[in-house]
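>>> What follows is a protein structure lacking sequence information:
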């Protein structure tokens with residue numbers, strides 16, 4: 001599968017904004033903005049360490065650390081390429 005990330009530059013998450021439900025708008029260092037809906041991923045997971053983020057208060061506690069979007073010190077995180085495409089699984 002072909003990568004969507006630019007090959008010549010290092011791309012990082014610069015900003016993330018809560019949109020409602022389990023959706024975030026994520027802005028990358030190359031200017032790309034992607035809306036990502038995490039709900040299906042969270043609902044499909046049977047693992048309690050993932051499904052606990054169905055609690056919206058907990059879900060909203062994301063942060064950007066070293067150019068990555070993460071929750072609770074990488075308790076939950078996703079690849080940059082998946083976030084860039086807006087397709088998490």
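Perfect, thanks for sending it. As the structure is a computational prediction, the values presented were derived from the model and not from experiment.
>>> Now for the nearest residue to residue 10 once chain neighbours are set aside: which residues touch it?
Take residue 10 and drop its neighbours on the chain: the residue closest to it by C-beta to C-beta, 6 or more residues apart in numbering is residue 29, 7.4 Å away. The way it works is simple: take the backbone N, C-alpha and C, and place the C-beta from them, glycine included. By C-beta atoms under 8 Å, 6 or more residues apart in numbering, residue 29 lies in contact with 9-14, 67.
>>> And these, which is closest to residue 34?
Comparing those against residue 34 with C-beta to C-beta places residue 13 closest, at 9.9 Å.
>>> quick one: residue 77 and residue 62, what's the gap?
9 Å (C-beta to C-beta, to the nearest Å).
>>> sorry, that was for residue 21
Taken as C-beta to C-beta, the span from residue 21 to residue 62 is 14 Å.
>>> Please identify which of the two sits among more neighbours.
Just comparing residue 21 and residue 62: by other C-beta atoms under 10 Å the higher neighbour count belongs to residue 62, 20 against 11.
>>> Could you give the bridge partners of the residue lying closest to the more buried one once chain neighbours are set aside?
Nearest residue to residue 62, sequence neighbours excluded (C-beta to C-beta, 6+ apart): residue 71, at 5.2 Å. Residues found in beta-bridge contact with residue 71 (criterion: DSSP bridges) are residue 62, residue 76.
>>> Just list the residues touching residue 19, thanks.
Applying C-beta under 8 Å, 6+ apart, the residues contacting residue 19 are 25, 35.
>>> Alright, I will stop here.
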